[in-house]
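Chemist: My questions are about this predicted structure, shown below with the sequence.
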Amino acid sequence: MKSVCVLGNGQLGRMLRQAGEPLGIAVYPVGIDANPDELPIKQSIITAEIERWPETPLTRELASHDAFINRDIFPRLADRLPQKQLLDQLGLATAPWHLLRSAEQWPAIFAEFGELAIIKRRTGGYDGRGQWRLTSLTREELPSECYGECIVEQAINFTGELSLVGARNAAGEIVFYPVTHNLHQQGILFASVAHPQPNPEHQHQAEAMLTAILTELNYVGVMAMECFVTPDGLLINELAPRVHNSGHWTQNGASISQFELHLRAICGLPLPRPVVDTTAVMINLIGCELDYRWLADPLIHLHWYDKEVRAGRKVGHLTLSSPDATALQQSLSHLSSLLPAEYATALSWAKNQ
C-alpha cells in the first residue's frame with residue numbers, strides 16, 4: 001500500500017492520519033512550506049485538506065504530480081464563481097446569484113433579489129468570514145476592493161440547513177451517509193445531528209444532486225455538499241472537496257468514518273456504504289478550554305485538536321451517539337452546565353432534533 005501525503009497539516013489532516021493507522025496506511029499531513037525533498041512524495045498518493053494554497057516549493061512540485069488526486073478540481077471549487085457556474089451548468093438548484101463587478105449593479109440587484117443581499121468573497125471566506133448581509137441602505141459598507149472579487153446571492157428564507165457527505169472512487173462507485181442537520185451561529189457550525197432514517201425526500205434529492213457533481217467532475221474521495229431546506233426543496237449553498245466539519249459525527253456514529261472513507265476511495269480499497277444505525281450528534285468546541293469533565297458522561301467522545309485556544313477558533317469537537325433519544329437528550333443537558341453560555345441555543349436545538 002502506498003503512503004498518502006495530505007497537503008495541509010490542520011485538524012483534518014491529523015484525523016486522516018489517525019484513520020490511516022489501523023488500515024496500515026502511512027498518512028503524512030504536511031504544511032505548504034514543507035521541504036518537498038524531505039517528504040515521500042514520489043511514492044505517495046497526494047490529497048489535500050484545504051481547497052486553495054499559495055505557490056511554494058512544495059505546491060510547485062505537487063502541481064505536476066500524477067498522483068495528486070483531484071488536483072485540477074480544487075481550484076475550480078475553491079472559487080465560488082466557477083462553483084456556482086458548475087451548479088448552473090448541471091441544472092442544480094442554488095440561490096439566485098450574480099458576479100458583483102461594480103457598485104452600478106446595486107439598483108438592479110435589489111430590484112431582483114429584494115431588500116437583502118448576501119455578498120461572499122469568491123475565495124478564502126469561511127466560518128462567516130468574508131461575507132456581508134447588506135441592504136440598499138448599508139451597501140456602502142462593502143469595501144471597494146471587493147468588486148470583482150465577490151458574488152452576490154439572494155437571501156434565502158430557509159427552514160433549516162443540512163449537508164450530505166459522500167464518496168466516489170476511481171471506478172465510479174458512490175456511497176453516502178444520511179443527510180446531516182446543521183446549526184450555524186455567526187456563520188460557524190456549532191452542532192450537527194444525523195439520523196439513521198433521514199427524511200427520504202431530502203436524502204433522495206441530495207444524493208441525486210451530489211451524484212451529478214461527483215460524476216461530472218470525475219471526482220475521487222469524500223465531498224460535502226451544504227444545502228438550505230426550503231418549502232420547494234433543497235438549494236445547494238456550498239461544496240467542499242474534502243472531508244468536512246459536518247461529517248465529524250461519523251467518527252463514532254457510523255461503521256466507517258468519513259476520514260477512513262476518503263482514504264479507501266483514493267487508495268482503491270473497498271467502498272461499501274457505511275452503516276448508520278443510531279442517531280449521532282456533533283458539538284464543535286469553539287474557543288473552549290479543554291475540560292475532561294465532559295468525559296464523565298459515557299456517551300461523549302472527545303476529539304481535541306491540540307491547538308492554541310483562541311476566541312472563534314475550532315479547537316475540538318464532541319460526538320455522541322445512541323439509539324436511545326432520551327439518553328442523548330440527558331447527555332446534552334449534562335453538557336449545558338460544562339460549556340459556555342453561547343452553547344445554550346445549539347444544545348437546545350440538538351435536543352429538539
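Modeler: Nice, I can see it.
Chemist: Buried residues in stretch 88-100, which are they?
Modeler: Buried residues in stretch 88-100, counted by 16 or more other Cβ atoms under 10 Å: 92, 94, 95, 97, 98, 99, 100. Where C-beta positions appear, they are placed from N, C-alpha and C, glycine not excepted.
Chemist: Pretty sure residue 157 is one of the things the third one touches, is it not?
Modeler: What that stands for is residue 95. No - if you go by Cβ atoms under 8 Å, residue 95 and residue 157 don't touch, sitting 10.8 Å apart.
Chemist: that older thread, which among the buried residues of stretch 88-100 gets closest to residue 206?
Modeler: Each of the buried residues of stretch 88-100 was checked against residue 206 using Cβ to Cβ; the closest is residue 92, at 10.7 Å.
Chemist: Could you confirm that closest one falls within a strand?
Modeler: No - read with DSSP: H, G, I helix; E, B strand; the rest coil, residue 92 is coil and lies in no strand.
Chemist: Identify the residue spatially nearest to it, adjacent ones excluded.
Modeler: Spatially, and ignoring its direct neighbours in sequence, residue 92 is nearest to residue 209 (5.1 Å; Cβ to Cβ, 6 or more residues apart in numbering).
Chemist: Local confidence estimate at the one you found?
Modeler: The model reports residue 209 with a pLDDT of 98.
Chemist: Now do the SS call for it.
Modeler: helix.
Chemist: With residue 137 instead?
Modeler: coil.
Chemist: Please report the number of neighbouring residues for it.
Modeler: A count of nearby residues for residue 137, using other Cβ atoms under 10 Å, gives 8.
Chemist: Ok, residue 190 next?
Modeler: Residue 190 has 21 nearby residues by other Cβ under 10 Å.
Chemist: What pLDDT is listed against it?
Modeler: 97.
Chemist: again with residue 125
Modeler: Looking at residue 125, the pLDDT reads 69.
Chemist: So residue 310 is in contact with residue 287, correct?
Modeler: Yes - using Cβ under 8 Å, residue 310 is in contact with residue 287, at 6.3 Å.
Chemist: The two: which has the busier surroundings?
Modeler: Set residue 310 next to residue 287 and count neighbours by other Cβ under 10 Å: residue 287 wins out with 14 against 10.
Chemist: Can you tell me the closest non-neighbouring residue to the more buried one?
Modeler: Computed as Cβ to Cβ, 6+ apart, the closest residue to residue 287 that is not its neighbour in sequence is residue 311, at 4.6 Å.
Chemist: wait, what's in contact with residue 340?
Modeler: Contact partners of residue 340, counting by Cβ atoms under 8 Å, 6 or more residues apart in numbering, are 287, 288.
Chemist: quick one, helices of the stretch 101-250 of the chain?
Modeler: 106-113, 200-217, 250-253 (DSSP state H, counting those that start in this stretch).
Chemist: Give the buried residues for the second one.
Modeler: Within helix 200-217, the residues that count as buried by 16+ other Cβ under 10 Å are 202, 203, 205, 206, 207, 209, 210, 213, 214, 217.
Chemist: Next: stretch 261-271.
Modeler: Result for stretch 261-271 [16+ other Cβ under 10 Å]: buried residues 261, 262, 263, 264, 265, 266, 267, 271.
Chemist: now, among the residues you listed, which is nearest to residue 122?
Modeler: Set against residue 122, the nearest of the buried residues of stretch 261-271 by Cβ to Cβ is residue 262 (25.7 Å).
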